[in-house]
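*Asks:* Requesting a structural model of the entry that follows:
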Amino acid sequence: MENTIGTKESPMALKTPPLSSDYTMHKDVKDGKEILICTVGKTVLHYDFRCLADLHNMLKAHGDWMELGSADEQKPAKEGTVEVWGRSETNPVGGWYGLKKGLRGRFGMYIPPLMEALGLAEVTHEAKGNKMRAI
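*Replies:* Here you go, the predicted model:
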């Protein structure tokens, strides 16, 4: 799985769940920690690499479709969504999987397509209200 995500020189090309925007994802190490680097245009977001396994485990335990609910860090996210879980004090890291202050949100927008590409989840691709479930 780790090798398929790509490198800075050759990142994985992905599309947001509504299939309306392109972005890339690759794995790197920063300050001794494995991270995912998501590049959307000129914006660069960082997520804790362990979010992939943690989200997969949570979705397996959930056992059904879960709404993505993507939101910027400064905006509240809809309860019961992947986005809320990705910033919850009750998740395995005790808070945000996003690592860059001010850009920690959008977990529900950029991590689910990566998980789908890696064969860990199914994601719907509607204009709004997309969901995911573990495979």
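*Asks:* rest of the way, CA atoms for contacts and neighbours
*Replies:* Fine.
*Asks:* ok, now which ones touch the residue positioned nearest the centre of the chain?
*Replies:* When Cα atoms, centre = their mean is applied to the chain, the residue found nearest the centroid is I111 (1.8 Å). Residues in contact with I111 (Cα atoms under 8 Å, 6 or more residues apart in numbering) are L52.
*Asks:* quick one: pLDDT of it?
*Replies:* On pLDDT, I111 comes in at 98.
*Asks:* Quick check on it: phi, psi?
*Replies:* phi -80, psi -40 (degrees, to the nearest 10).
*Asks:* Quick check: the gap between it and A71.
*Replies:* 13 Å (Cα to Cα, to the nearest Å).
*Asks:* in this structure, which spans are helices?
*Replies:* 2-5, 51-62, 82-85, 107-117 (DSSP state H).
*Asks:* Please tabulate those helices in CSV, including the columns distance to M12.
*Replies:* As requested, these are exported to CSV (distance: least, Cα to Cα, whole Å):
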stretch, distance to M12
helix 2-5, 6
helix 51-62, 15
helix 82-85, 22
helix 107-117, 9
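*Asks:* Quick one: closest of those to H125.
*Replies:* Taking Cα to Cα, helix 107-117 is the member of these nearest to H125, at 9.8 Å.
*Asks:* quick one: low-confidence ranges for this structure?
*Replies:* Scanning the chain with the threshold set as pLDDT under 70 gives 1-3.
*Asks:* Contacts only, for I35.
*Replies:* Residues near I35 by Cα under 8 Å, 6+ apart: 27-29, 46-50.
*Asks:* For PyMOL, write the selection for the buried entries among those.
*Replies:* PyMOL command restricting the contacts of I35 to the buried ones, with burial defined by 16 or more other Cα atoms under 10 Å:
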select buried, resi 27+28+46+47+48+49
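*Asks:* Many thanks, have a good one.
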